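Peer 1: Next input, structure requested:
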Amino acid sequence: EDCCYRIFDIHGVCLFTSSPSLHVVTSVSWEPRGSLIAIGAFQSLMIANSDGQILHRTKMQMGSVSNIDWRPDGMQFIAACADGRIIFANVIGQKEYMGQY
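Peer 2: You can find the predicted model right below:
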């Protein structure tokens, strides 16, 4: 109700609290490996890393996101919206860079 999302450790200690957004956060779902979190709100869908930093934000005319579910491989998720729409999302662009040691 405070328009924020939070990340807690396994003991319930709050590790991160987002800045308030314009609308209430209505759904959150961790990617199966725990490296990303999908966050839904009114007409907004966001992807954040495990530290809470927003990596991508999409705004659409869809009402509130009521549920998010990831595929087991963490490369896609589906989101159900209050207006009856279903959003299919692909997570792309995650790259690992190796430096010279």
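Peer 1: how about low-confidence regions in the protein?
Peer 2: Across the chain, the ranges flagged by pLDDT under 70 are 93-101.
Peer 1: what pairs with the residue nearest in space to the middle of it across the strands?
Peer 2: Nearest to the geometric centre of the chain sits Ala38, at 1.5 Å (CA atoms, centre = their mean). Under DSSP bridges, the beta-bridge partners of Ala38 are Ser29, Ile47.
Peer 1: Am I right that it is in contact with Ile68?
Peer 2: Yes. Counting by CB atoms under 8 Å, Ile68 is a contact partner of Ala38 at 4.7 Å. All C-beta atoms are positioned from the backbone trio N, CA, C, and that covers glycine.
Peer 1: list the residues that contact both of these two?
Peer 2: Counting by CB atoms under 8 Å, 6 or more residues apart in numbering, the common neighbours of Ala38 and Ile68 are Ser27, Val28, Ser29, Phe77, Ala79.
Peer 1: What spatial separation is found between the second one and Arg6?
Peer 2: This points to Val28. In this view, Val28 and Arg6 are 9 Å apart by CB to CB, to the nearest Å.
Peer 1: Over to the fourth one?
Peer 2: When distance is defined by CB to CB, Phe77 is 20 Å away from Arg6.
Peer 1: Please say which of those two ends up with more neighbours.
Peer 2: For Phe77 versus Arg6, the count of surrounding residues by other CB atoms under 10 Å is larger for Phe77: 20 against 13.
Peer 1: What helices and strands are in contact with whichever helix or strand the more buried one is part of?
Peer 2: Element membership for Phe77, per DSSP states H and E: strand 76-81. The contact analysis (3 or more CB pairs under 8 Å, 6 or more residues apart in numbering; DSSP states H and E) places strand 76-81 against strand 36-49, strand 54-70, strand 86-90.
Peer 1: Sounds good, over and out.
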